[in-house]
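1. I'd like to go over a predicted model; first the sequence, then the structure.
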Amino acid sequence: MPIQTLFADGLIEVAAQPKNNALDLDSIGDVKVLFFPIDHDYPGGSAAMHNAVFERYDLPYRSCFIVGDPENVGAIFKELKDDPNYMGGGAGSGFKDKVAPHLDGLDQSAEAIGSVNVIAREDGKLIGYNTDGIGFVNGLLEEYPDCIAGQKVVILGAGGTALPIAYEMAQKNPAEVVICNRTVSKAEKIAELISPFVSARGVGEDTIGDELANAGVVVNTSNKGAQPNEAYSAFAGMTGDPEGDMKNSVANLGRLPGDAIVADILLEPDTTTLSMARDHGNRTHSGQHMNLHQAVPAFKIMTKLEKPSDELATTMRDAI
């Protein structure tokens with residue numbers, strides 16, 4: 001079977017850190033699988049949430065994070081598409097902005113954003129969706145109502161999750177959205193795409209301190225501050241000199257207003273970025289909120305399971 005071939009050839013392996021993520025390769029023929037390829041092992045929560053629902057309703061499905069190299073995305077998805085037991089799933093770190101060309105189609109949300117986090121098999125075709133931005137904004141506004149309108153939003157990083165978050169933040173009437181990234185052209189591209197909705201700029205990481213000085217909401221979309229980059233924070237560039245970079249982070253954070261909110265998309269509850277922000281006196285927002293708020297709509301897209309959203313949310317919340 002194509003899925004077993006991917007494992008046998010070493011193109012993918014089961015991630016060790018996510019909760020309830022074990023996969024019995026010999027049982028794949030008896031269950032439908034949802035896969036979430038990621039570029040490094042980290043404690044994602046989607047598999048645990050999905051598997052809790054499958055167990056509650058005694059459904060023959062299994063959800064699993066798999067680790068692979070995004071450079072092999074074409075080969076990975078060719079094999080997955082050819083295996084009838086693969087029902088979709090999603091795309092995690094390193095794959096969100098690379099998987100779209102290897103799918104059969106994109107929903108309007110994913111096409112507009114150019115990034116995919118949800119994949120569904122529909123009539124034999126793999127269709128990409130994106131619920132990241134909506135999930136993040138809904139989670140943020142649940143914890144801090146009306147915190148976006150009129151505020152300067154600074155987004156740190158320009159990877160696969162930055163654009164959907166920037167796009168959805170732009171719909172909530174912020175004063176401005178600024179994207180800071182090591183590769184300035186990537187930040188400028190996101191700013192260009194959301195500019196019809198909001199004043200937006202893309203800048204380099206050397207200006208993070210200047211941009212934080214009058215920010216109201218700061219969102220880390222990079223992998224700084226959690227494994228394997230715990231020695232760094234999102235408040236400065238990552239040059240390979242942890243001590244020097246941390247000094248820059250402390251200096252930059254010192255310019256952030258005390259009433260600003262610092263949010264992280266990373267799933268660890270206490271990332272370096274959030275810990276530093278709390279010590280500075282800022283309110284913080286964990287990526288676990290986004291994980292839950294995007295999970296229910298994503299789950300319904302992937303499985304077409306007709307169950308009440310509140311039941312699904314309760315089961316998923318209990319699982320993590």
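-> Yep, it's here.

2. so the residue nearest to Gly105 when sequence neighbours are not counted bridges to which residues?
-> Spatially, and ignoring its direct neighbours in sequence, Gly105 is nearest to Ile127 (4.9 Å; Cβ to Cβ, 6 or more residues apart in numbering). (Glycine included, C-beta is placed from N, CA and C.) In this entry, Ile127 is beta-bridged to Gly105, Ala120, by DSSP bridges.

3. neighbours of Ile127, how many?
-> Neighbours of Ile127 under the rule other Cβ atoms under 10 Å: 19.

4. helices or strands up against the longest helix anywhere in the chain?
-> Longest helix in the chain by number of residues (criterion: DSSP state H): helix 287-303. When contacts are defined as 3 or more Cβ pairs under 8 Å, 6 or more residues apart in numbering; DSSP states H and E, helix 287-303 packs onto helix 46-56, strand 86-90, strand 118-122, helix 132-143, helix 309-319.

5. only the buried residues of the fourth one, if you could.
-> When you say that, I think you mean helix 132-143. By neighbour count on 16 or more other Cβ atoms under 10 Å, the buried set for helix 132-143 is 132-141.

6. who touches stretch 124-132?
-> 77, 80-81, 88, 91, 96, 99-100, 103-107, 109-110, 113, 115-121, 161, 164-165, 290, 294, 297-298, 301 (Cβ atoms under 8 Å, 6 or more residues apart in numbering).

7. mind checking how far it is from the chain centre?
-> 15 Å (Cα atoms, centre = their mean, to the nearest Å).

8. what are the buried residues along it?
-> 126-132.

9. if we can go back for a sec, Asp270: which of the helices and strands packed on helix 287-303 is closest?
-> Between Asp270 and these, the shortest gap by Cβ to Cβ is with helix 132-143, which sits at 16.1 Å.

10. quick one, that closest one and strand 86-90 angle?
-> Helix 132-143 and strand 86-90 meet at an angle of 50 degrees, taking axes from the mean of the first three to the mean of the last three Cα atoms, to 10 degrees as the criterion.

11. pull the CA atoms of helix 132-143 into CSV?
-> Extracted C-alpha coordinates of helix 132-143, given in CSV (Å, rounded to 0.1, in the frame of the first residue of the first chain):
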residue,chain,number,x,y,z
ASP,A,132,-5.9,28.9,10.7
GLY,A,133,-6.7,32.6,10.5
ILE,A,134,-10.3,32.3,11.6
GLY,A,135,-9.3,30.0,14.4
PHE,A,136,-6.6,32.4,15.6
VAL,A,137,-8.8,35.5,15.5
ASN,A,138,-11.8,33.8,17.1
GLY,A,139,-9.6,32.5,19.9
LEU,A,140,-8.0,35.9,20.5
LEU,A,141,-11.3,37.8,20.5
GLU,A,142,-12.8,35.2,22.9
GLU,A,143,-10.1,35.9,25.5
